[in-house]
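A.B. asks: please work out how this folds:
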Amino acid sequence: MEREEIDVTDLDSDGGFREFITGFIDPGSVALSGNAKYDKDTGLQNEGQRRLRELFLNGNAAQFEISWPNVPEKCVFDALVQSAPAPEAEVDGVLSFAATLRMTGKVDFVPVTVGQLASVQAQIDSMNEKETTKKLPKGDVA
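C.D. replies: Below you'll find the model as predicted:
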């Protein structure tokens, strides 16, 4: 996040120093990337990746939240999908995707309970245990 500054300097400013007041807050953008779950015949298989593409195409904002392991709060915000996920891969490489969310409006930092922290950590541990990548056979193109 970044707050704008407004120059309010005038000829009566003390000692010739510039004076500023704060302006609006720009909530910024969030870059996403990960391994794509993609089937070349049916399209993206991951519901979250399908939803990002849908939001990109229709231009609607949606609510998102980001939580971190061992951090007692989560970030909740509305955002527009500024760039849509499209699978990318090199020959014999991992299918990946990237997307950008442009936050719009107020960003809230919401307390998370100890039980919710444990749930987030359990989800991360579960993802780490599963095979989350898919390799392309040599010669195939995404």
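
A.B. asks: got a pLDDT number for residue 48?
C.D. replies: For residue 48, the pLDDT comes out at 83.

A.B. asks: surely it is in a helix?
C.D. replies: Yes: per DSSP: H, G, I helix; E, B strand; the rest coil, residue 48 lies within a helix segment.

A.B. asks: ok, it to residue 32 distance?
C.D. replies: Distance check for residue 48 against residue 32: by CB to CB, to the nearest Å, it reads 9 Å. For the C-beta atoms, the positions are set from N, CA and C on the backbone; glycine is no exception.

A.B. asks: which one of these two is surrounded by more residues?
C.D. replies: residue 32 (17 against 13; other CB atoms under 10 Å).

A.B. asks: where along the protein do the strands fall?
C.D. replies: Secondary structure of the chain (DSSP state E): strands at 2-7, 20-26, 29-35, 38-39, 43-44, 62-67, 73-83, 96-111.

A.B. asks: chain center to the first one, what's the gap?
C.D. replies: Taking the mean C-alpha point of strand 2-7 and that of its whole chain, the gap between them comes to 24 Å (CA atoms, centre = their mean, to the nearest Å).
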